Structure formats: structure tokens, C-alpha cells
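Novice: everything below, folded, please.
(one chain, ligands or ions: 1)
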Amino acid sequence: MAAKPKLYYFCGRGRMEAIRWLLAAAGVEFEEEFIETREQFEKIQKAGHLLFGQVPLVEIDGMMLTQTRAILGYLAAKYNLYGKDLKERARIDMYTDGTSDLMLMILATPFSSPTNKEGSYATIVQKAKTRYFPAFEKVLKDHGEDFLVGNAFSWADVQLFEAILMVEELDAGVLSGFPQLKAFKARVGNMPNIKKFLQPGSQRKPPADDHYVKVVRDVLQF
Ligand code: HAG
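Specialist: Presented below is the predicted three-dimensional model:
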């Protein structure tokens with residue numbers, strides 16, 4: 001039996017959370033090594049596992065993979081969540097680049113100046129309501145299927161679901177003007193693997209707090 005994928009990252013969402021979501025949606029169990037000290041980080045670096053000196057790092061199928069998008073693409077293809085042909089794959093790439101852009105704004109905010117946090121979050125919610133969610137609302141309406149691409153669950157659906165939850169943490173009523181997205185969220189949220197990951201005690205991480213930010217800053221020395 002193949003070894004479980006092993007994730008090396010901080011004990012928080014950051015760039016690794018999308019990878020946790022994709023593995024969970026695929027029903028794949030994974031292990032985690034939480035990086036909590038500079039020494040740990042340097043040990044992994046000195047072992048030559050961090051191509052560009054950065055994490056996330058995922059150990060899978062005998063490889064030590066870095067670069068979030070490369071990892072996600074490998075997992076999506078490996079677990080049949082990357083469409084049935086090149087055109088579907090291109091759509092999935094387009095949609096996941098969009099949800100990644102939105103989520104990265106949220107991930108970066110805890111590291112921005114304290115005076116500006118509330119303003120940043122308000123701007124992100126505004127961007128979600130005027131740029132990203134209207135786009136996905138139209139895709140779902142025009143496509144007329146249960147999922148974003150073809151008629152099969154894909155990486156694009158996992159990441160849109162994750163992005164919706166993250167924006168709802170900032171504004172609980174954000175979907176009030178998006179009926180298609182509301183129905184999509186209910187459908188995906190009812191899928192067994194997703195439901196399991198949403199349960200307390202899963203490997204899903206909470207929003208960034210001051211402790212997480214301090215650990216990341218101390219480890220990465222910035
Ligand atoms: C990827 C890191 C350093 N393109 C890469 O995987 O997509 C970028 C990876 C990356 O930036 N990793 C960061 O290792 C940690 S992750 N940096 C070391 O020398 O570049 C990042 C997000 O919440 C996480 O904490 C980190 C800081 C975020 C700061 C945003 C302004």
C-alpha cells in the first residue's frame with residue numbers, strides 16, 4: 001500500500017490549506033509535519049527539499065514537491081479531479097487561478113499592517129461580490145450542471161467551495177445575492193468527503209491568529 005502523502009507546513013491555513021482540501025475531497029488520508037521553529041525549517045532546507053527555499057512541501061510518490069500550484073495540479077490529475085480533456089483542464093485552471101487570487105488576498109492580510117486589517121478585509125469582500133462571485137454565478141447558470149466543469153466534480157469545485165467558506169467568515173451574508181452559488185455550496189457541502197472534512201477534529205485549519213503569524217514570521221525571519 002502506497003505511503004500516505006506527507007505535508008510539511010506551518011500549523012495553519014496559508015498556502016497549504018487548498019492542498020488539504022483537495023486531498024480531503026479526494027478521500028485521501030495525509031500526514032502533516034508542522035514547522036514551528038527556524039531549526040526545523042533549516043533542516044528541511046539543508047536536506048535539499050525546498051527547491052526555492054519555500055514551503056508548502058509535499059512528499060508523495062517518492063517526490064518532494066514544492067510550488068503550490070504544481071502540487072495541486074499533480075493531485076488533481078492523480079485523483080481524477082482535473083477534467084476529461086484539455087479543454088476541461090483549461091477551464092479548471094482558469095477557475096482555480098481565480099479562486100487562488102481571491103484566497104491569497106485573505107491569506108496575506110494577517111501579515112499586513114495592523115491598522116489596515118479591517119479595511120483590507122472589507123475590500124476583499126467587495127472584490128468577491130463584484131468580481132469573483134458574479135463570474136462563478138454566471139458560469140453555474142450558463143453551464144446548467146451541478147458542477148463548474150463538464151458534469152463531474154473537479155478541483156475547481158473544491159476550491160470554489162473553500163473560497164466561499166473563507167469569504168463567509170468575513171461576511172456571513174455574502175451569498176445573499178448569489179442563488180446559484182448558494183445551491184452549489186449546499187450541494188458540495190453535502191458530499192461525504194467534504195462533510196467529513198467540515199467536522200470538528202478534521203485536519204482543516206482555523207483562520208490565521210496572532211500565534212500563527214508570529215510563528216511564520218519567526219521561522220521565515222520577516
Ligand atoms: C508557492 C515561504 C521565503 N510560489 C510559491 O508555493 O505557491 C510561494 C511559496 C511561499 O511564498 N511560501 C512562503 O516559504 C510561506 S507561505 N516563504 C519563504 O523565503 O520566500 C506564506 C503564506 O500564510 C503563509 O505564510 C507565508 C507568509 C505570507 C506573507 C504574505 C505577504
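
Novice: drop to CA atoms for contacts and neighbour counts, all remaining ones
Specialist: OK.

Novice: what comes up buried for the longest helix seen in the chain?
Specialist: Using DSSP state H to define each element, the chain has its longest helix at helix 86-108. In terms of neighbour count (16 or more other CA atoms under 10 Å), helix 86-108 has its buried residues at 88-89, 91-93, 95-96, 98-100, 102-103, 106-107.

Novice: which SSE is immediately downstream of the helix or strand of the chain with the lowest mean pLDDT?
Specialist: Each helix and strand of the chain was given a mean pLDDT (mean pLDDT, DSSP states H and E); the minimum falls on helix 117-127 at a mean of 95. On the C-terminal side of helix 117-127, the closest following helix or strand by DSSP states H and E is helix 133-143.

Novice: packing partners for that following helix?
Specialist: helix 179-189 (3 or more CA pairs under 8 Å, 6 or more residues apart in numbering; DSSP states H and E).

Novice: and this structure, which residues reach the ligand?
Specialist: By the rule CA under 6 Å from any ligand atom, the part of the chain lying against the ligand is 14-15, 53-56, 67-69, 107-108, 111, 216, 220.

Novice: returning to that earlier point: and the longest helix of the chain, how far out from the chain middle?
Specialist: On the basis of CA atoms, centre = their mean, to the nearest Å, helix 86-108 sits 10 Å off its chain's mean C-alpha point.

Novice: what does stretch 97-113 give?
Specialist: Between the mean C-alpha location of stretch 97-113 and the chain-wide mean there is a distance of 11 Å, by CA atoms, centre = their mean.

Novice: C-alpha coordinates for that stretch, PDB please?
Specialist: Only the C-alpha atoms of stretch 97-113 are listed here, as PDB (Å, rounded to 0.1, in the frame of the first residue of the first chain):
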ATOM      1  CA  ASP A  97      -6.400  30.700 -10.700                       C
ATOM      2  CA  GLY A  98      -9.300  33.000  -9.900                       C
ATOM      3  CA  THR A  99     -10.200  31.400  -6.500                       C
ATOM      4  CA  SER A 100      -6.500  31.300  -5.700                       C
ATOM      5  CA  ASP A 101      -6.200  35.000  -6.300                       C
ATOM      6  CA  LEU A 102      -9.100  35.700  -4.000                       C
ATOM      7  CA  MET A 103      -7.900  33.400  -1.300                       C
ATOM      8  CA  LEU A 104      -4.300  34.700  -1.400                       C
ATOM      9  CA  MET A 105      -5.600  38.100  -0.600                       C
ATOM     10  CA  ILE A 106      -7.200  36.700   2.600                       C
ATOM     11  CA  LEU A 107      -4.100  34.700   3.500                       C
ATOM     12  CA  ALA A 108      -1.800  37.800   3.100                       C
ATOM     13  CA  THR A 109      -3.900  40.100   5.200                       C
ATOM     14  CA  PRO A 110      -2.900  38.800   8.700                       C
ATOM     15  CA  PHE A 111       0.700  39.800   7.700                       C
ATOM     16  CA  SER A 112      -0.300  43.300   6.700                       C
ATOM     17  CA  SER A 113      -0.100  46.400   9.000                       C
END
